[in-house]
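Peer 1: Turn this into a model:
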Amino acid sequence: MRLAGRRGFLRAAALMVAVAVREGSAATINVTCSTQEATLWVNNSSAWYQCPGNDPSVEIDGVSLLVNVDVDKLILDLQGSSVTTLNFSALNGTRTLDFTNGPNFASFSQLSNLMFEGVAFEPASVELALANTVTGIHFINSTLSDLSLSDYFSNLTKIDLSGTSVYKLPRFLYERKLNDNMEIFVDLSEVNETISLNLTQSTNLEANAKTLSAQGWANHYHSNCTTSPSDSSAMTVSHDGRKNFTLSCNLPASEIESSKNGSSSGSNDVNAGDSSSGISTGPLVAIIVVVVVIAVVLAVLILRIYFKRKAANASAHNNEASATLMSKGDAAADKGSFISNDEFLRNFRLPQSDVALVKSQGTGRLWMGEYNGNKVMVKRVESEVTDSYVTKALMAQARTFATISHPNITSLVGVTWLAGTDFAVVTEFMDKGNLKTVLANTDVDLDIMTKLQICCDVALALAYLHETEQNLCAKQLSSRKVLVNKAMNCKLSLFECVPSSAKLGGPSTAATYSYGMGEVAWLPPEIITRSSPMDARKINIYAFGVLVSEIFTRMSPYQSLVEAMGNTMSDVELVKRVRRQDPLVPHENRQEFLAAPASVRQMVEQCLSYAPMSRPTAKDLVEILHNAKEELAMNSI
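Peer 2: You can find the predicted model right below:
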């Protein structure tokens, strides 16, 4: 059925929502169905979706299309479009995208920016086809196992995986050589594996890391990844005759050495085979017999172990069926040994039966839970990810969390195993949620002294992080990352505390801008223009200036601009202002901000400086805010 005919049929049946996409402004389509599965069609003139019980919507003009996904699974039928910006954003938790013909955007002839936020993909390994007009692709806080590009055009200058954890080296880093104007934002700190690359792939990876050496991923690659020496004793040979290289990232030195030795041994065997091509038939038959015998013995042993574990698991299930966190036989015991062998984590281990999950907090990784009857926050590795290196990566984060102790940072309660298989980190729960929610609640009265105290709480947390021996920072500071308890005490989320060396500029890679996502206002000029060296602490200070503006105005940054132009176009305008070096005023000189002490207003102006080195330190912020509180208290007497 042709698209036009199908569209008419769906309208007649009242089973779709239509959004026309024409030149003018932004268009939004909210995909929501009681059946929790829908199909979205996009063609040259319109986009619409189908699920039972929907009525047609009013058509909206636009050059950009925002698809808000509020169904568990959205199937995409992509026929092409003239939109320049296409954004898929998940609502109320992680949503899954599936494609009838794969993620093929090659027919989107005018597409410039393609964005995905908070979504998962089916299949999880994404092979993306793009039009030659695309300049940037963004996967924000999403879930995928790998990313590959079927084609590469020179217009593509940005690949952004901000907040998207990757546990293996993405293929786009080594499947071809990239231009020197390419900006890549991907956190490799959780990559913990050994892989095999052929000569072309290894050459491409080294060339890209060298060409883009100033970028965070390349720095991490050079610091934490090793390739087996390129001599004959450290190379293996594949069946097609191409040389393979062993690449290890973020592994302990002992495991890397073991991997190298394994590669060397394997290559020696191959070389020996090459030099002994005249081996006689008798010894060859003997070798085959020995191998078969060993295989049979191993099979018998594996079957015995399998049936023993099956019986043990059945017994454990009968005895502990009601437990929220339970052991899964020997597999759980093996994984639990990761904790028992780690002195740090052993001190923080929580009994499984004392912890329970209550409610998902959006992404599927973060949950509200209970521990000994008290509310807690729980972060876990996704249930579908079972590789040990993923667990070890979260454990490494937990070790960092274990060293952090400050009254203005949520505290680590402990670590445990979720359902016996998934490692989980348990932290303090904050009753009032994030600061942005509190500021937007008109029932909450905030006088100037209270606002100053909120600012001081955050400044103290930053000062602590910036002065630690580990050289920590806030990954992506904003009002959503500051949490509030019943007593109105503010604390930075522990999950936001990362080493500055984890990625270039700490939060810089996680905060690279995506139009229409509400992020651009929090980004310092050096991230937008890439014109200055990245300093994690100075990036935090800039975001703090924006945060203070929001605290005093109780409005989102540049709220008037957003109301006048919309989310996407207001971000475009902000980028233009930064490139022109216009004054940055997220508070828009509102009366509520002008009511702040003069010293605080001056502090905000310094925080928002275009020159990173002109911004104050976190210790300076604490001193300025303490003095402002004392001055206000004296004047009120």
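
Peer 1: Got the phi and psi for the closest residue to Thr32 other than its chain neighbours?
Peer 2: Leaving aside its chain neighbours, Thr32 sits nearest to Asp70 (4.1 Å; criterion: CB to CB, 6 or more residues apart in numbering). C-beta coordinates here come from the backbone N, C-alpha and C atoms, glycine included. In this entry, Asp70 is assigned phi and psi values of phi -120, psi 40 (degrees, to the nearest 10).

Peer 1: Do you know the pLDDT at Asp70?
Peer 2: We note a pLDDT of 84 for Asp70 in this prediction.

Peer 1: and what of the one 3 residues further on?
Peer 2: Note for Lys73: predicted pLDDT of 88.

Peer 1: Count the neighbours of it for me.
Peer 2: Using other CB atoms under 10 Å, Lys73 is surrounded by 17 other residues.

Peer 1: now Leu460
Peer 2: Neighbours of Leu460 (other CB under 10 Å): 23.

Peer 1: Can you pull the phi/psi pair for Tyr152?
Peer 2: phi -140, psi 120.

Peer 1: hang on, the earlier thing: just confirm the residue nearest to Thr32 contacts Asn92, I think it does.
Peer 2: Yes - at 6.0 Å, Asp70 and Asn92 qualify as touching, with contact defined as CB atoms under 8 Å.

Peer 1: The two - which one has more neighbours?
Peer 2: Neighbour totals were compared for Asp70 and Asn92, and Asp70 leads with 17 against 13 (other CB under 10 Å).

Peer 1: contacting residues around the closest residue to Ser405 other than its chain neighbours?
Peer 2: Leaving aside its sequence neighbours, Ser405 sits nearest to Ser411 (CB to CB, 6+ apart; 7.0 Å). Contacts for Ser411 were tallied using CB atoms under 8 Å, 6 or more residues apart in numbering; they are Ser405, Thr427, Glu428, Leu494.

Peer 1: Put the buried members of those residues into a PyMOL selection.
Peer 2: To isolate the buried members of the contacts of Ser411 in PyMOL, using 16 or more other CB atoms under 10 Å:
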select buried, resi 427+428+494
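
Peer 1: Can I get the contacts of Ser411 in JSON lines including secondary structure and pLDDT?
Peer 2: Listed next are the contacts of Ser411 as JSON lines, based on DSSP: H, G, I helix; E, B strand; the rest coil; pLDDT from 0 to 100:
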{"residue": "Ser405", "secondary structure": "coil", "pLDDT": "92"}
{"residue": "Thr427", "secondary structure": "strand", "pLDDT": "92"}
{"residue": "Glu428", "secondary structure": "strand", "pLDDT": "93"}
{"residue": "Leu494", "secondary structure": "helix", "pLDDT": "92"}
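
Peer 1: thinking again about what came up before, OK, contacts around the residue nearest to Thr32?
Peer 2: Neighbour list for Asp70: Asn30, Val31, Thr32, Ala90, Leu91, Asn92, Arg95 [criterion: CB under 8 Å, 6+ apart].

Peer 1: Confidence-wise, which of those comes last?
Peer 2: Lowest-confidence member of the contacts of Asp70: Asn92, scoring 75 (pLDDT).

Peer 1: How much space separates it from Ala595?
Peer 2: Taking CB to CB, to the nearest Å as the measure, Asn92 falls 37 Å from Ala595.

Peer 1: Pick out the residue nearest the middle of this protein.
Peer 2: Gly163 (2.0 Å; CA atoms, centre = their mean).

Peer 1: Flag the shaky bits of the stretch 301-450 of the chain, pLDDT-wise.
Peer 2: 304, 306-344, 362-364, 382-391, 419-421 (pLDDT under 70).

Peer 1: Now do Gly273, the pLDDT please.
Peer 2: Reported pLDDT for Gly273: 41.

Peer 1: Check which helix or strand the residue nearest to the centre of the chain maps to.
Peer 2: Per DSSP states H and E: Gly163 is located in neither a helix nor a strand.

Peer 1: Nearest residue to it in space, ignoring adjacent ones along the chain?
Peer 2: Asn141 (3.9 Å).

Peer 1: Common neighbours of Asp70 and Asn92, please.
Peer 2: Joint contacts of Asp70 and Asn92 (CB under 8 Å, 6+ apart) do not exist.

Peer 1: Show me the helices in the stretch 451-600 of the chain, by range?
Peer 2: 525-529, 536-553, 559-565, 567-580, 591-594, 598-607 (DSSP state H, counting those that start in this stretch).

Peer 1: just checking, which of these sits deepest inside the structure?
Peer 2: helix 536-553 (a mean of 25; mean count of other CB atoms under 10 Å).

Peer 1: now the helices of the stretch 451-600 of the chain in a markdown table, with distance to Asn485 and mean pLDDT?
Peer 2: Supplementary listing: these in a markdown table, determined by distance: least, CB to CB, whole Å; pLDDT from 0 to 100:
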| stretch | distance to Asn485 | mean pLDDT |
| --- | --- | --- |
| helix 525-529 | 31 | 89 |
| helix 536-553 | 17 | 96 |
| helix 559-565 | 27 | 92 |
| helix 567-580 | 30 | 90 |
| helix 591-594 | 24 | 96 |
| helix 598-607 | 24 | 96 |
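
Peer 1: Show me the one of the ones you listed that comes nearest Leu301.
Peer 2: Nearest of the helices of the stretch 451-600 of the chain to Leu301, taken as CB to CB: helix 536-553 at 51.1 Å.

Peer 1: Could you check the angle the closest one makes with helix 598-607?
Peer 2: 140 degrees (axes from the mean of the first three to the mean of the last three CA atoms, to 10 degrees).

Peer 1: list the helices and strands helix 536-553 packs on?
Peer 2: When contacts are defined as 3 or more CB pairs under 8 Å, 6 or more residues apart in numbering; DSSP states H and E, helix 536-553 packs onto helix 435-440, helix 448-467, strand 472-474, helix 591-594, helix 598-607, helix 618-635.

Peer 1: All set, thanks.
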